[in-house]
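In: Mind looking at a prediction? Sequence and model below.
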Amino acid sequence: MKKISNYISFIMMSIAVISCMDYGAKDESDFNYSGGDGLFIVNEGNFMYGNASLSYYDINNKNVEAEVFVRANGIKLGDVAQSMTIHNGTSYIVVNNSGVIFTVDINTFKIIDIITGFTSPRYIHFVNDNKAYVTDLYSSTIYILNPKTKKISGSIPVVGHKTTERMVQSGKYIFTNCWSFDNQILVIDSEADKIVDSITVGIQPNSIVIDKNNKLWVLTDGGYQGNPYGHEIPSLFCINTSNLQIEKKFDFALNDSPSKLCINNSLDTLYFINQSIWKMGINATALPDIPVIPYKGTIYYGLAISPETSEIYLADAIDYVQNGKIYRYTAQSICIDTINAGVCPSYFCFKLK
Amino acid sequence: MKKVVAVISVLISFVNTGFSQINSEQNNPVWRMDIDSATVTAQHIMKDIGVQQTRLDTVALRENISTSMADVLSQNTVIFIKSYGRATLSTASFRGTAPSHTQVLWNGMKLNSPMLGMVDFSLIPSYFIDDASIYHGASSVSITGGGLGGAITVNTKPGGNEGFSVQYIQGIGSFDTYDSFLKLNYKNKNFQSSTRIVYNDSDNDFKYKNYNKKEYVKDENDNITGFEYPVELNKNGDYRDFHALQEFYFTASKNSHFGLSTWYMKSKRGMPTLNVDYRNESNSRSRQNEQTLRTVLYWDRFFANIKLMTKAGYTYTDLSYIYSGDDGTGRLLEMIHSQSYVNTVFSKFDIEYYLGTKWMFSANVTAHQNSVSTKDNATLNPGSVTGYIKSRFELSSFASAKYRPVERLGFAVNLREEFYGGRNTPVIPAAFVNYVISKKGNVTAKASVARNYRYPTLNDLYFIPGGNDSLNSETGYTYDGGVEFAVSNKKASLNGEITAFNSNIKNWIVWLPNFKGFWSPSNVKKVNSYGIEVKLKTGIDTGKSRKFMIDGNFAWTRSINKDNPANWADESIGKQLVYIPEFSAAVNAKFLWKTWEFAYKWIYYSERFTTSNNEKNTKIGKLGAYFMNDVSLEKHVNFSWANMSLKLLINNIFDEEYESVLSHPMAGRNFGFIVEIIPKFKR
């Protein structure tokens, strides 16, 4: 009996010794990137993995720091990081499926505040220093945020729509696109915090920009076959923000899927993804025939144009479950760097002096 | 001939039932009572020539009332169960393959969802299963097609003594957990009725320190001066699962038997919130509700050398996923509602024929008629829904010949052909051999080889958006070989098995975003999985009512991506698939002394990657090695009016803080107390 007891004790002790899991608090590191220009790469990660991350690219020295949020703060960024905006020297990172916005120092990457109370936040737009709007994927609401108190101060009901996405501003009016199963651009009076008008465009407007002439450009993807909302030719719309009339419309082929509409630093040239990367002047009379960066066998997941140099940054998610790559091109489409990113890099935020 | 049967009987009894014979509960084959036992044993052996099989005995299946088949498989087999926590999705990875590559049959009828292809093992209460077997790799071909990793059969069967019997088990555990089980059984010479009910109810709101969040302390100037990690409750993890199983068995004559098994399940489960989610239950909730009814009617008929088996069955599933969120006014509104209904009609005809003692032939035809209706109102305007309504007829035909030319040597050849929705897979061939190397140590060598195919699920083909109706079947080529042994004397026994396997799978279906921005499946991946599986069991009876048992398993699994690179930057080629541990092991130790039982369970998984390039230099993308330790102490008490047992469970005894799946918190040390009562009735 004693022998067996000893045997059991030995096994239990052996197991106990090798039964310690490596889990717990994460170390914090100090960063100070107060010097030159930088680019934040928002890696959305995989849905329900909680593996979103933030990479920081030193534009001048071409160095990249991976996972700077978790390394600086010792906690994870969250699930599906959607977008990032810098306002008054502070960055606001919107983490969609965590229902949170982190305000982060743009040089040290340290958390300043954590703003909660959202359902499924997507993008943030600063109307002024006292007011920001936050769009939402599921909630028929645009949240009103006070950037000074870091509190939600109100909301704008979006009756009849569920998804509100990107926002651009012309005077006191904010324009936002209703993307999923919708075809509307909503016009918000930012003084009254009310939707005052809407513009019907094509099916599923996925991105919008505003040019130097205050013209609103809208890219629609046209839905898909079997879509109960419809399936049509994707289009690029040019809208007069004064009278809300569609001035120009450029049609793609039915099976095209243009997305990620961007504009250059002088606000006169549009860029978008449609398998390849395309560039189009705002006065063009037709869609371009030749891409500026041809399709290379991978589906590009993000696109940004430097507001300073018009350099092109292109995100490649590869197989969507490994760390992606960012390709940096000059404005003349010459590749000058390849940058390691996180899982599903999708959004860029420039930090310029 | 008697000698042959005797030798092989000993071998089989050790290998297949291991140490279960030491325990009080016997694990009798279904119809042993009615047929000459020697014949049955011989038939069993012929049937299992070369088959790599793990049988789960009742010791494993009746561990405790709160366990599901996910726990049983995880603890007792080499299958890796990816579990998101208590009573949440638990899927199997068999030999490094995907959940849809493990085919699961309940009383012969498929449990794999025709929409998703996989099985959630957390929804199968282990107390509803009387007999479970794991068929590794090529051996699954004898059960069903499409088991590129393997197949699992879970069955109910008649048992118990004649007369009326009642068994009631009540468990109470941490986090307001209540598990109840009631079994009513009546049996006479020709008829048996068995009713089983399981109800699991838990708030599952365990506390954990959340290392993925910080609560900052600020000074009067709004500067952060400190922090602490919040202690949070597992949010939205509550579950209420009800299962009822009714069975009737009827013996029409000595060689003719009928059975009817009907299993109803109603499950209401929250989907636990990630530990990186800053929303609370008042502004964000996800729930999954399911009702499923399964019924199988069967009839077996025995002749001198022929066994005929006929089955017919039906499955109905009503599954919904609902996400509710705050619409900005503080009201919780339904924002996603995904609903699906599945109706499946099943039938099977099976024949086995024994030609002398050297040949056995068998053939069967299995048919499933699936009808699926799905609808999803995610982010849609009112009245507008997306989804599909599809039906598919699936037919699987099988033929097998087994030959044992001499006492030590056996061969088997299987052929299977599958038809699905007007298409068919190529012929699925499998070959098996076994050879008794040593009678003294009951040492037997086994080997098998198969080509296998798994056809796409209905979601793969028709899901809106993204379904791809031009998908081909996945193709697997697998072979394995191993040795098993069993030795014993009056006081001790030892048996074990070691198997090496290699599988190549191509046309593996993967969902990836397409140009239109939504996810769509295609036949892209090639995977080579190989490894070693080891099983070992020992038992020592030291006399004076003291017994010691220990069994364990170990697996080394390499599941390697052999694709062509997606582009030049693709670093996933040659790397382990995500969430597949390279090493896994489990040990069950049990010490019995008089009316006391002490049990220790230990599970280990090595580090798992969550990125296909196996990124090591990351703070967020890998899961460290997993170790889990559970103990239990049970006391059996016999009264004149009832037999009782009292059991105390301590799970996660070292109070480990951990995640098994990224961002899903798990419970620390927790307790359970279980009372079992079996009243005694006058006979």
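Out: Noted; the coordinates are in hand.

In: what about the residue in the stretch 201-350 of chain A positioned nearest to chain B, neighbour count?
Out: Nearest to chain B in the stretch 201-350 of chain A, going by Cβ to the nearest Cβ, is A:Gln322, at a distance of 3.9 Å. For every residue, glycine as well, the C-beta is placed using N, CA and C. Applying the criterion other Cβ atoms under 10 Å in any protein chain shown, we find 26 residues in the vicinity of A:Gln322.

In: so it touches B:Thr610, yeah?
Out: No: with contact defined as Cβ atoms under 8 Å, A:Gln322 and B:Thr610 do not form a contacting pair (9.9 Å).

In: For A:Thr141, list each beta-bridge partner.
Out: With DSSP bridges applied, the residues forming beta bridges to A:Thr141 are A:Pro157.

In: Number of residues surrounding it?
Out: A:Thr141: 25 neighbours (other Cβ under 10 Å).

In: Equivalent analysis for B:Tyr353, please.
Out: Applying other Cβ under 10 Å, we find 15 residues neighbouring B:Tyr353.

In: and what of B:Gly226?
Out: B:Gly226 has 10 neighbours, counted by other Cβ under 10 Å.

In: Hmm, B:Asp219 and it touching each other?
Out: No: here B:Gly226 lies out of contact with B:Asp219, judged by Cβ under 8 Å, at a distance of 9.5 Å.

In: got a list of what B:Phe673 touches?
Out: For B:Phe673, the contacting residues are B:Gly171, B:Ile172, B:Gly173, B:Leu646, B:Lys647, B:Leu648, B:Leu649, taking Cβ atoms under 8 Å, 6 or more residues apart in numbering or on different chains as the criterion.

In: Look at the fifth one and give its secondary structure.
Out: Translated: B:Lys647. Using DSSP: H, G, I helix; E, B strand; the rest coil as the criterion, the local structure at B:Lys647 reads strand.

In: thought it was touching B:Val637?
Out: No: checked against Cβ under 8 Å, the pair B:Lys647 and B:Val637 is beyond contact range at 11.5 Å.

In: Looking at those two, which one has more neighbours?
Out: Neighbour totals were compared for B:Lys647 and B:Val637, and B:Lys647 leads with 21 against 12 (other Cβ under 10 Å).

In: Quick check: bridge partners of that one?
Out: B:Glu634, B:Ile674.

In: ok, it to B:Glu676 distance?
Out: Plainly put, B:Lys647 is 7 Å away from B:Glu676 if you go by Cβ to Cβ, to the nearest Å.

In: What of A:Val168?
Out: From A:Val168 over to B:Glu676 (counting by Cβ to Cβ), the distance is 68 Å.

In: Same check on B:Pro521?
Out: From B:Pro521 across to B:Glu676, the span is 47 Å (Cβ to Cβ).

In: just A:Trp278 next, same as before
Out: According to Cβ to Cβ, A:Trp278 and B:Glu676 sit 71 Å apart.

In: More neighbours: which of the two?
Out: In this view A:Trp278 and B:Glu676 are compared by other Cβ under 10 Å, and B:Glu676 has more residues nearby, 22 against 19.

In: Pretty sure that one sits against B:Ser645.
Out: Yes: at 4.4 Å, B:Glu676 and B:Ser645 qualify as touching, with contact defined as Cβ under 8 Å.

In: How many neighbouring residues does the closest residue to chain A within the stretch 251-400 of chain B have?
Out: Closest approach of the stretch 251-400 of chain B to chain A (Cβ to the nearest Cβ) occurs at B:Gly328, with a separation of 2.9 Å. Using other Cβ under 10 Å as the criterion, B:Gly328 is surrounded by 24 other residues.

In: who touches it in this structure?
Out: Residues near B:Gly328 by Cβ under 8 Å, 6+ apart: A:Thr119, A:Asp136, A:Ser139, A:Ser140, A:Thr141, A:Tyr143, A:Ser155, A:Pro157.

In: Around the fourth one, count how many other residues there are.
Out: Look at A:Ser140: counted by other Cβ under 10 Å, it has 22 neighbours.

In: Hmm, A:Ser155 and it touching each other?
Out: No: counting by Cβ under 8 Å, A:Ser140 does not reach A:Ser155; the two are 9.7 Å apart.

In: Please identify which pair of the contacts of B:Phe673 lies farthest apart.
Out: B:Gly173 and B:Leu646 (14.1 Å; Cβ to Cβ).

In: Settle it for me: which of these two has more neighbours?
Out: Counting neighbours by other Cβ under 10 Å for B:Gly173 and for B:Leu646 shows that B:Gly173 has the greater number, 20 against 13.

In: Show me the beta-bridge partners of the more buried one.
Out: B:Thr177, B:Gly672.

In: B:Pro125 now?
Out: Taking DSSP bridges, one finds B:Ser68 as the beta-bridge partners of B:Pro125.

In: what's the spacing between it and B:Ala599?
Out: From B:Pro125 over to B:Ala599 (counting by Cβ to Cβ), the distance is 19 Å.

In: Repeat that for B:Asp460.
Out: Using Cβ to Cβ, we find B:Asp460 at a distance of 42 Å from B:Ala599.

In: More neighbours: which of the two?
Out: Neighbours per residue, other Cβ under 10 Å: of B:Asp460 and B:Ala599, the larger number sits with B:Asp460, 23 against 20.

In: Show the contacting residues for the residue nearest to A:Asn274 when sequence neighbours are not counted.
Out: The shortest distance from A:Asn274 to any residue other than its chain neighbours is 4.2 Å, reached at A:Pro258 (Cβ to Cβ, 6 or more residues apart in numbering or on different chains). Taking Cβ under 8 Å, 6+ apart as the criterion, A:Pro258 is in contact with A:Leu219, A:Thr220, A:Asp221, A:Pro234, A:Leu236, A:Phe252, A:Phe272, A:Ile273, A:Asn274, A:Trp278.

In: Which of the helices and strands in chain A ranks last by mean pLDDT?
Out: The helix or strand of chain A with the poorest confidence is helix A:2-17; it has a mean of 60 (mean pLDDT, DSSP states H and E).

In: right, and the helix or strand after whichever strand or helix holds A:Ala72?
Out: Remark: A:Ala72 resides in helix A:68-73, with elements defined by DSSP states H and E. Scanning the chain past helix A:68-73 towards its C-terminal end, the next helix or strand to appear is strand A:81-87 (assignment: DSSP H and E).

In: if we look at that next one, which residues are touching it?
Out: With Cβ under 8 Å, 6+ apart as the criterion, strand A:81-87 contacts A:40, A:42-45, A:52-54, A:91-96, A:106, A:121-126, A:132, A:147, A:346-347, A:349-351.

In: Got a quick PyMOL command for the buried subset of these?
Out: Buried residues within these, by 16 or more other Cβ atoms under 10 Å in any protein chain shown, are selected in PyMOL with:
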select buried, chain A and resi 40+42+43+44+45+52+53+54+91+92+93+94+95+96+106+121+122+123+124+125+126+132+147+346+347+349+350+351
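
In: Kindly identify which of the contacts of strand A:81-87 also come near chain B.
Out: Counting by Cβ under 8 Å from any Cβ of the partner chain, the subset of the contacts of strand A:81-87 that neighbours chain B consists of A:Ser53, A:Val95.

In: Next step: the contacts of strand A:81-87 restricted to helices.
Out: When DSSP state H is applied, these are split such that none fall in helices.

In: ok, back up a step: name the SS class of the residue of the stretch 251-400 of chain B closest to chain A, please.
Out: Classification of B:Gly328 into helix, strand or coil gives coil, according to three-state DSSP.

In: which ones are touching the closest residue to it other than its chain neighbours?
Out: Leaving aside its chain neighbours, B:Gly328 sits nearest to A:Thr141 (2.9 Å; criterion: Cβ to Cβ, 6+ apart). By Cβ under 8 Å, 6+ apart, the residues touching A:Thr141 are A:Thr119, A:Ser155, A:Ile156, A:Pro157, A:Val158, B:Asp327, B:Gly328, B:Thr329.

In: Lovely, talk soon.
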